[in-house]
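In: Provided below are the primary sequence and the corresponding predicted coordinates.
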Amino acid sequence: MSEIHEVALKAAGYDYALRIYPAAEPNGSMLVWLHGGAFMFGTLDMPEADQVGRRLSAAGITVASVDYTLAPLDALDRLSPPDSDADFPSPEQLRAEADAAGPRARFPVASLQIVAAFDWAVDNAVRYGADPARVALGGASAGANLSAGAAMRLRDRATSLPSVLGLVYPSLHDGIVPANDELRALLRDVPPARIFTPEARAAINRNYLPDAGDPEGYAFPGGRNLVGLPPVLIVNAELDSLRASGEAFAAELATASVDVHVVRQRGAMHGYLNEVGHPAAERTLALLTDAVTQDYRER
């Protein structure tokens, strides 16, 4: 099998790339994977992207990690809380790291690119030892949102659907879903820099979708028509203000008669896939491996 390599694509008027992690010993499955980063940040080299590609390919799954076009940085100055801890990068640091990202664009560019990336994976699955009917789709945080929106586009197009959706600490609604008493109590001990406030979430979402116009629900699938989606794995971080969105989405999927498996990673905060070796990251990689490898058609 070939080594890790990149494939150049173009969709929605923008060039982008896939980094392909060929399976060491293919088990017939493939995953199109999307990193997070508030729609504005993230690279293929961050652990949330690279670790997933390396670990799942070692388990027999070819991974296509998508270097989708990022949104502009207009909301950046509103994201760092005034009392953030020393580990949280400043807006200046984040801006410097993001300067190399190239051209930027808002919704629907990344959403359309992910559909094209999924189509490429289906068309090329056989060359990587995968079944075109066993191509999964998933992501973390904003990447999970993008995955769910792309799955809705694919459903509405009525062609190939992902075999399964894997959504890790997702943000799926336009705004913060209110936390229950249990989650509010847990968040009191979380550093402010690790919490998404309603104000920060609004800044991120309006930066991605300025006019809040989302009639089909492709930008923010939460609360929309979810009937006909493929089976879904949702993995939430326990100490995450976005956990309520993942839990609400799981309930919405169940109401829509979509098979859903929802897991809470105890003691974990948002973004834990970027901490290599974190126990929650190890458990989540195992859950993703199992979900992508299984053939739900035979259940």
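Out: It's in.

In: Now do the same for residue 75: its pLDDT.
Out: On pLDDT, residue 75 comes in at 71.

In: show me the contacts for it.
Out: By Cβ atoms under 8 Å, 6 or more residues apart in numbering, the contact set of residue 75 is 38, 40, 203-204, 206-207. All C-beta atoms are positioned from the backbone trio N, CA, C, and that covers glycine.

In: and residue 29, what element?
Out: strand 28-34 (DSSP states H and E).

In: correction: residue 205
Out: helix 198-208.

In: That helix: what's the following helix or strand?
Out: Heading C-terminal from helix 198-208 (DSSP H and E), you reach strand 232-239.

In: From the contacts of residue 75, keep the buried residues only.
Out: Neighbour-count burial (16 or more other Cβ atoms under 10 Å) applied to these gives 38, 40, 203-204, 206-207.

In: Could you export those residues to TSV, including columns for distance to residue 218 and pLDDT?
Out: Formatted as TSV, those follow (distance: Cβ to Cβ, whole Å; pLDDT from 0 to 100):
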residue	distance to residue 218	pLDDT
38	18	94
40	19	94
203	21	93
204	17	95
206	16	94
207	17	95
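
In: a strand runs through residue 137, doesn't it?
Out: Yes - if the criterion is DSSP: H, G, I helix; E, B strand; the rest coil, then residue 137 is within a strand.

In: Just grab the bridge partners of it for me.
Out: residue 32, residue 165 (DSSP bridges).

In: That one against residue 150, yeah?
Out: Yes - distance between residue 137 and residue 150: 6.5 Å, which falls inside the contact criterion (Cβ atoms under 8 Å).

In: what is in contact with those two at once?
Out: Overlap of the contact sets of residue 137 and residue 150 (by Cβ under 8 Å, 6+ apart) consists of 114, 118.

In: Looking at the two, which one has more neighbours?
Out: Shown here are residue 137 and residue 150; by other Cβ atoms under 10 Å, residue 137 has more neighbours (31 against 28).

In: Switch the contacts of residue 75 over to CSV; also include distance to residue 225.
Out: Listed next are the contacts of residue 75 as CSV, based on distance: Cβ to Cβ, whole Å:
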residue, distance to residue 225
38, 26
40, 28
203, 27
204, 24
206, 23
207, 26
